[in-house]
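**Q** got a predicted structure here, sequence first:
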Amino acid sequence: QVQLVESGGGLVQPGGSLTLSCAASGLSFSRYTMAWFRQAPGKEREFVSALNRGSSNTYYADSVKGRFAFSKNTAKSTVYLQMSSLKPEDTAIYYCAAGTPNWGSSHLERMYTYWGQGTQVTVSS
């Protein structure tokens, strides 16, 4: 049984940093692409970043490129989203997801089968 558990959310001031973790069980990073999505209040869930299965290739939404970094620790079965230079518009519930998207479709929500429960990130002074 696949389980994804996010942690690390919280309240941070604009310009600050935060690292989210997603502990995965029941799956292998060599077989599943891992991704982060987020959903702000009153908005649809949107793609943030993806880490391709079996590789270190990462993809980022334009809105977070240069500020966020996706990494993994295979031994700990955990992926991370390091967020820096945070802005109030980064406020959202952040979700970890696992799936097998085809080439060029890593940003599509429907390509992901497994989802975590989400962790709240609030950027405010």
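**A** Sure, I can see it. Remember, predicted model here, so these are calculated numbers, not experimental data.

**Q** where's the residue nearest in space to the middle of the chain, which helix or strand?
**A** The C-alpha lying nearest the average C-alpha coordinate of the chain belongs to residue 36 (Cα atoms, centre = their mean; 2.1 Å). Assigned by DSSP states H and E, residue 36 falls within strand 33-39.

**Q** on that earlier part again, show me the contacts for the residue nearest to the centre of the chain.
**A** Contacts for residue 36 (Cβ atoms under 8 Å, 6 or more residues apart in numbering) come out as 20, 22, 48, 49, 50, 70, 81, 94, 95, 96, 97. No exception for glycine: its C-beta is placed from N, CA and C like everyone else's.

**Q** what's the answer for residue 114, then?
**A** Counting by Cβ under 8 Å, 6+ apart, residue 114 has contacts 2, 4, 27, 32, 97, 98, 99.

**Q** let me know the closest of those residues to residue 124.
**A** Ranked by distance to residue 124 (Cβ to Cβ), the contacts of residue 114 are led by residue 97 at 25.8 Å.

**Q** for the strand holding residue 36, buried residues please.
**A** 33, 34, 35, 36, 37, 38 (16 or more other Cβ atoms under 10 Å).
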